[in-house]
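Colleague: take a look and give me a structure for this.
(chains A, B, C and D)
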Protein chains: 2
Amino acid sequence: MSGEPAYPETVTTPQRVEADLGWALARVVRAHLRTAEAVLAELPGGPRGHQVLAAAREGRPSTQLALARKLGIDRTVMTYLIDELVGAGLVERRPDPADRRARQILLTGKGEERLCTAQRRLREAEEHLLDPLEPVERDQLRALLQKLACSTDPATPCEVAAAVQECAEH
Amino acid sequence: MSGEPAYPETVTTPQRVEADLGWALARVVRAHLRTAEAVLAELPGGPRGHQVLAAAREGRPSTQLALARKLGIDRTVMTYLIDELVGAGLVERRPDPADRRARQILLTGKGEERLCTAQRRLREAEEHLLDPLEPVERDQLRALLQKLACSTDPATPCEVAAAVQECAEH
DNA sequence: TATTGTTATACTCTATAACTATA
DNA sequence: TATAGTTATAGAGTATAACAATA
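Modeller: Coordinates of the predicted model:
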């Protein structure tokens, strides 16, 4: 180890936009969002509704705030989102027995059905989206993104802004 | 080849959100955006301004519309963005000699300087962001995203919506 | 007639703040 | 005093439409 950066050529060479991580990420996310919106058009809340359902199915029942944090959604938005899902009969709100301020979000039978078909369709559409990659590469990409996503700060943009401001005040 | 899906276990097993591609993408993009906004705070236009500069440096001079399409930015937004960059003296608008309706966007010397330092800082910050991954994995992720991004439809959401509507009308 | 760039307007989404009920 | 959830309002960002200049 000489202290030199690990990727001298990419650092010193003027980068094209195509080599920009932000550019590639934005482009892929846009494409994925388009796909997800098309596939999940009839699902209340669209792609975000789907994520709420998927998160609600896991392990012990989550509160709205826990879901909001996990999904990077503002808690005020989460209220509307869940209203929509409750209205469609896909989830239920239940007072948390351990903390009566909080509400647990539970998947209904209908919600579980809709989630299953949604995930099946989404999976197909995603494989289509990932067509330009080799099968092995698709798995690699999924795994790498998952690994990275699981170890990044889950905070919402507005929460970060608030924290920064708070920090600056002290 | 038996016609069966390549990843039966992931398709049939109920997915956790953490395994959701959309979830991981959104989370990584949010983290990257936070980083980029912090690092490029003084750059006019922020992360998008940076991308415009990077795209403007490549090859032959691009028109505003070409830049907009490449970066997935609406052309009306591109006007304001470039106004900002022109105001800061980082780019220049020049009538396209081949088509007098269009304007070529050219990087000034000052723009090139700012772009270089911005990219250096961004690169550092990104490596920090990618810390959870092994060095090899970071390269893999960059390469996979780049490959995928370069082969996806560059259209802007609103352009897609317009195209869909147009399609439905005929 | 179609396209590039511009501008103004309308709209959507999100953040902010204020409130309640609990802790 | 702090937190979970709700609601209303304000603000940022975006799309829509209309226009001028050119193809």
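Colleague: contacting residues for A:Q51?
Modeller: A:71, B:17, B:20, B:22-23 (C-beta atoms under 8 Å, 6 or more residues apart in numbering or on different chains). In short, each C-beta sits where N, CA and C put it, glycine included.
Colleague: could you look up the SS state of it?
Modeller: helix (DSSP: H, G, I helix; E, B strand; the rest coil).
Colleague: from the contacts of A:Q51, pick the one nearest DNA strand D.
Modeller: A:L71 (12.4 Å; C-beta to the nearest atom of the strand).
Colleague: point out where chain A drops to low pLDDT.
Modeller: A:1-15, A:153-170 (pLDDT under 70).
Colleague: can you list the residue ranges for strands in it?
Modeller: Using DSSP state E, the strands assigned to chain A run over residues A:62-63, A:91-96, A:99-107.
Colleague: can you list those strands in JSON lines and add mean neighbour count and distance to A:A149?
Modeller: Output for these, formatted as JSON lines (neighbours: other C-beta atoms under 10 Å in any protein chain shown; distance: least, C-beta to C-beta, whole Å):
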{"stretch": "strand A:62-63", "mean neighbour count": "20", "distance to A:A149": "18"}
{"stretch": "strand A:91-96", "mean neighbour count": "16", "distance to A:A149": "24"}
{"stretch": "strand A:99-107", "mean neighbour count": "16", "distance to A:A149": "21"}
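Colleague: using TSV, lay out those together with distance to DNA strand D.
Modeller: Written out in TSV, the entries for the strands of chain A read as follows (distance: least, C-beta to the nearest atom of the strand, whole Å):
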stretch	distance to DNA strand D
strand A:62-63	4
strand A:91-96	6
strand A:99-107	3
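Colleague: B:G45 is nearest to which of these?
Modeller: When those are ranked by distance to B:G45, counting by C-beta to C-beta, first place goes to strand A:62-63 at 38.1 Å.
Colleague: by contact count, what packs against the closest one?
Modeller: strand A:99-107 (3 or more C-beta pairs under 8 Å, 6 or more residues apart in numbering or on different chains; DSSP states H and E).
Colleague: can I get the strand it packs on in CSV, CA atoms only?
Modeller: In CSV, the C-alpha atoms belonging to strand A:99-107 read as follows (Å, rounded to 0.1, in the frame of the first residue of the first chain):
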residue,chain,number,x,y,z
ASP,A,99,-47.8,1.6,23.1
ARG,A,100,-51.2,3.0,22.6
ARG,A,101,-50.0,6.0,20.6
ALA,A,102,-48.8,3.7,17.8
ARG,A,103,-50.7,1.7,15.2
GLN,A,104,-49.6,-1.6,14.0
ILE,A,105,-50.2,-2.3,10.3
LEU,A,106,-51.5,-5.7,9.4
LEU,A,107,-51.9,-7.3,6.1
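Colleague: can that strand be said to contact DNA strand C?
Modeller: Yes. Judged by C-beta under 7 Å from any atom of the strand, strand A:99-107 and DNA strand C are in contact via A:99-101.
Colleague: now do the longest helix anywhere in chain A against strand A:99-107, angle only.
Modeller: In chain A, taking DSSP state H as the definition, the longest helix is helix A:109-129. Counting by axes from the mean of the first three to the mean of the last three C-alpha atoms, to 10 degrees, helix A:109-129 lies at 60 degrees to strand A:99-107.
Colleague: return the distance of helix A:109-129 from the chain's centre.
Modeller: The chain centre lies 15 Å from the centre of helix A:109-129; the measure is C-alpha atoms, centre = their mean, to the nearest Å.
Colleague: what angle sits between that helix and strand A:91-96?
Modeller: Between helix A:109-129 and strand A:91-96, the angle comes out at 120 degrees (the same axes, to 10 degrees).
Colleague: and helix A:109-129, what's buried?
Modeller: Neighbour-count burial for helix A:109-129 flags A:111, A:114-115, A:118-119, A:122-123, A:125-127, A:129 (criterion: 16 or more other C-beta atoms under 10 Å in any protein chain shown).
Colleague: contacts with DNA strand D among the residues you listed, please.
Modeller: Restricting these to those near DNA strand D - C-beta under 7 Å from any atom of the strand - leaves none.
Colleague: so which of these comes closest to DNA strand D?
Modeller: Nearest to DNA strand D among these, counting by C-beta to the nearest atom of the strand, is A:G111 at 16.7 Å.
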